[in-house]
Structure formats: C-alpha cells, structure tokens
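Q: Give me coordinates for this.
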Amino acid sequence: MAEGTEKLICVGAIAGAYGVRGEVRLKSFCATPADIARYAPLTDETGKREFRLSLSRPIKGGFSARIEGIRSKEAADALRGTALFAPRSALPALPDNEFYHADLIGLQVLDTGGQQLGRIVALHDHGAGDLLEILPPAGGDTILLPFTHEAVPTVDLAAGRVIADPPEGIVKDG
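A: Numbers count the residues shown, from 1 in each chain. Here you go, the predicted structure:
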C-alpha cells in the first residue's frame, strides 16, 4: 500500500480529562488493555493528527494517560470522544480463526451454494457473541448473522470473502 493508505484499526478512545494537569481518561479496546501504549504514536481516524501517549496508572474503566502537548484540563477535555487508531501493520498477528473486526468489514458473503448474500458492513457484540451485519446486494434491510463457526465456517481474507451457512429463517427468500 502507498504511504497514508494503510488500514487503521481503532484501539481506544479518549473519555475526557482526568484531574487538572492535562491527563486524560483513556479507554483501551485492546485484548490486553495496556498494550495500547505499545502502538503509539496513535492517530485520529484520518491518520493526520498524532497522539504520543504514555499510561500513568489504571483507573476504573481504563487508564489515566499523558498525551504529549496536552497540559491543561481544558485541552484534555477538548479531546473527549476522540477515537484513537493504530496502523494495521503495528498490531500483532492473530492465531488461526481469530480476526480483527476491521479486516472483516467489506468482505463479500456467500452461502454454501455460492449465492451472494451481501457484504459485511459492521460487527456487533452485545455480550452474547459477535454478530455480522450484512447488507444484501439489492440493498434494503441488513441481515444479522451470528459469527460462529457453525454459521460462518470459512473466512478467506485473501480472497475477500466469507462462506456462511445461516440458521433457518435468518435470510429471507425472494
């Protein structure tokens, strides 16, 4: 990929100021929360604004952290809601049958007979397991498919597709 076009993965977010000296409350979306500091400098979603950070200490719901150049509560509060991204290449490789959500977005979904079901537009986790949100080729209502080995037996990132075997009633016929 050309410089500036590498896929960015959201690894955390700034939840606002922590104290009065410019520290921020940081939420980490990493499997090992403290690993967020290993991927610094992080960027905003455009990749244009960099955030060099260091973790201060664990706090309820995340970490307190220092961001280079942020020295006041007001400056820290101004960053509230900022999502933090790392380049995909900075993240560790995953074991077989584990995927970064961002790698799945946009993949084509085919059923076990080769019929196109649509494209993955989002992943959701409401506590009972991941759901793939699939936009059918003709548009309309999206399909929510459990992201289990039974319902999605094959994920082929290289080919840009997944093979799905949806449970009865998930996909409406014609």
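
Q: Give me the mean pLDDT for whichever strand or helix holds His124.
A: For His124, the host element (DSSP states H and E) is strand 116-125. Computed over strand 116-125, the mean pLDDT rounds to 92.

Q: what does stretch 160-174 give?
A: Confidence for stretch 160-174, expressed as mean pLDDT, is 83.

Q: how about the strands in the chain?
A: With strands called from DSSP state E, the chain shows them at 8-17, 24-28, 42-43, 50-51, 53-59, 62-67, 83-87, 108-111, 116-125, 130-135, 143-146, 154-156, 161-164.

Q: Distance from the fourth one to the middle of the chain?
A: What separates the centre of strand 50-51 from the centre of its chain is 18 Å, taken as Cα atoms, centre = their mean, to the nearest Å.

Q: now for it, which elements pack on it?
A: Counting contacts by 3 or more Cβ pairs under 8 Å, 6 or more residues apart in numbering; DSSP states H and E, strand 50-51 is packed against strand 42-43. C-beta coordinates here come from the backbone N, C-alpha and C atoms, glycine included.

Q: cool, and the last one?
A: When contacts are defined as 3+ Cβ pairs under 8 Å, 6+ apart, strand 161-164 packs onto strand 108-111, strand 154-156.

Q: lowest average confidence, helix or strand, in the chain?
A: helix 101-104 (a mean of 86; mean pLDDT, DSSP states H and E).

Q: who touches that one?
A: 7-10, 88, 120, 123, 130, 132, 155, 157, 162 (Cβ atoms under 8 Å, 6 or more residues apart in numbering).

Q: Mind splitting this protein into its structural domains?
A: 8-90, 101-164 (automatic domain parsing).

Q: mind checking the end-to-end distance for the longest one?
A: Length of domain 8-90, first residue to last, Cα to Cα, to the nearest Å: 10 Å.

Q: quick one: average pLDDT of it?
A: Mean predicted confidence for domain 8-90 is 93.

Q: Tell me which residues of the lengthiest helix in the chain come out buried.
A: Longest helix of the chain, by residue count under DSSP state H: helix 73-78. If you call a residue buried by 16 or more other Cβ atoms under 10 Å, then helix 73-78 has these buried ones: 73, 76.
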